[in-house]
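Undergrad: sequence and predicted structure, then a few things I'm wondering about:
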Amino acid sequence: MAAAVTDKRVRLGPELLDSITSLYNVGLSLQAASDLPRDVASQAIAEALGHLDDTIREIRNNAFTGQGQETHPPHPHNGAGRPHPHSRSYR
């Protein structure tokens, strides 16, 4: 039993690190958006929120199922796996 837990931790470690790196990148892109014109910033924020949604989904998948990345087709407006939850096309 302990070996299985250790194996799972070793397997999930790199995936968790990828998720943390993704969160850091989202933070940087949001920070950079503050210096952009309003319309460009709005698009950058929508993309960042889409990436954040994808990253949270990956973390949940890893934490609860151990399956890693779940594939969703990219959303045409933000490049993320799903539209941002506050967008009209989310539902």
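TA: Structure's in. What do you need?
Undergrad: any idea how far E58 is from I45?
TA: 20 Å (CB to CB, to the nearest Å). For the C-beta atoms, the positions are set from N, CA and C on the backbone; glycine is no exception.
Undergrad: quick one: which of these two has more around it?
TA: Remark: of I45 and E58, E58 carries more neighbours, 20 against 17, as counted by other CB atoms under 10 Å.
Undergrad: for that one, pull up the helix or strand it's in.
TA: Using DSSP states H and E, E58 sits in helix 38-64.
Undergrad: buried ones in that helix?
TA: Within helix 38-64, the residues scored as buried using 16 or more other CB atoms under 10 Å are 44-55, 57-59, 61-62.
Undergrad: helices or strands next to it in the packing?
TA: Packed against helix 38-64 by the contact rule (3 or more CB pairs under 8 Å, 6 or more residues apart in numbering; DSSP states H and E) you find helix 2-33.
Undergrad: same for the helix it packs on, what does it pack against?
TA: helix 38-64.
Undergrad: quick one: mean pLDDT over the helix it packs on.
TA: Across helix 38-64, the average pLDDT comes to 93.
Undergrad: do the same with stretch 12-30
TA: Mean predicted confidence for stretch 12-30 is 90.
Undergrad: about what we covered before: now the angle between helix 2-33 and the helix holding E58, please.
TA: Angle of helix 38-64 versus helix 2-33, following axes from the mean of the first three to the mean of the last three CA atoms, to 10 degrees, is 170 degrees.
Undergrad: give me the distance between the two termini of stretch 24-40.
TA: Terminal residues of stretch 24-40 are spaced 21 Å apart (CA to CA, to the nearest Å).
Undergrad: residues touching it, excluding its own?
TA: If you take CB atoms under 8 Å, 6 or more residues apart in numbering as the criterion, stretch 24-40 is touched by A41, A44, I45, E47, A48, H51, L52, T55.
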